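J.: Here is a sequence with its predicted model. Questions after.
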Amino acid sequence: MEKLGINPWLLIAQIVNFVILLWLLQRFLYKPLLKLFRDRSAKIEDGIKTAEGLKKQAAESEAKQKEYLEEAKKEAHRIIGAATKLGEEEKKKILQLAAKESRKIVEQTTAEMNVEKKNIMNEIKKEVGEMVVSLTVATIKKSMDANTQKKLLKEAVKEVEQELGKISKPNQ
């Protein structure tokens, strides 16, 4: 080997140095670097798994949210329908009550009008009676003959009956 220009001791020293360097690199550089790469790779894989899990959870949450929204819409429609129905029932009750009250008021007013009409008729009869009596007295005082008195009395009675007929007919 010396003929080839290789010093065996130097070659052995270089091999020993190379093995020591390899061992040192393996121990202090390669292992920590490999460990660092493995840890980083594990973190990346965990991140991917977490992301996939979150993606799956997001999809499930979105599906649940849609389901809840549909249920909420159905519930809202049900509540609106119930409120509308209740409103219609209340409207009917109020209309019935109003109709009943208006009938009651009309009946009460009619009764009051009839009482007032009777009172007015009684007053008119009273006044007409008083007028007949005063006319009769006045006639008697003038000392008319009996035929004239009867004739005037009959005419006065007819006039009173006509007046009473006119008054009672329009209000009936």
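T.: Yep, it's here.
J.: Least confident secondary structure element in the chain?
T.: Every helix and strand of the chain was ranked by mean pLDDT, DSSP states H and E. The lowest is helix 146-171, at a mean of 76.
J.: Mind pulling the model confidence for the residue sitting nearest the centre point of the chain?
T.: Residue closest to the average C-alpha location in the chain (Cα atoms, centre = their mean): A83, at 6.0 Å. Note on A83: pLDDT of 93.
J.: residues contacting it?
T.: Contacts for A83 (Cβ atoms under 8 Å, 6 or more residues apart in numbering) come out as none. C-beta: built from backbone N, CA, C; applies to glycine.
J.: in which helix or strand would I find it?
T.: According to DSSP states H and E, A83 maps onto helix 31-141.
J.: what's the angle between that helix and helix 146-171?
T.: 170 degrees (axes from the mean of the first three to the mean of the last three Cα atoms, to 10 degrees).
J.: backbone phi and psi for G5, please?
T.: phi 100, psi 20 (degrees, to the nearest 10).
J.: for this protein, which spans come out with low pLDDT?
T.: By pLDDT under 70, the low-scoring segments of the chain are 1-2, 139-144, 168-172.
J.: sorry, back to before: and the least confident helix or strand of the chain, what other elements does it pack with?
T.: helix 31-141 (3 or more Cβ pairs under 8 Å, 6 or more residues apart in numbering; DSSP states H and E).
J.: count of neighbours near L4?
T.: Residues lying near L4 (other Cβ atoms under 10 Å) number 5.
J.: cool, V128 as well?
T.: 18.
J.: I figured it hits E163, correct?
T.: Yes. Contact criterion Cβ atoms under 8 Å: V128 and E163 qualify, at 6.8 Å.
J.: L164 and K126, how far apart?
T.: L164 sits at a distance of 12 Å from K126 (criterion: Cβ to Cβ, to the nearest Å).
J.: okay, these two: which has more neighbours?
T.: L164 (14 against 10).
J.: quick one: that one and V128 touch, right?
T.: Yes. When contacts are counted by Cβ under 8 Å, L164 is listed as touching V128 (7.2 Å).
J.: and stretch 59-75, how far from the chain's centre?
T.: Computed by Cα atoms, centre = their mean, to the nearest Å, the chain-centroid distance of stretch 59-75 equals 24 Å.
J.: again, but for stretch 29-48
T.: The mean C-alpha position of stretch 29-48 is separated from the chain mean by 63 Å, Cα atoms, centre = their mean.
J.: ditto for stretch 3-18
T.: That offset, for stretch 3-18, works out to 100 Å (Cα atoms, centre = their mean).
J.: How about stretch 26-45?
T.: How far stretch 26-45 lies from its chain's middle: 67 Å, per Cα atoms, centre = their mean.
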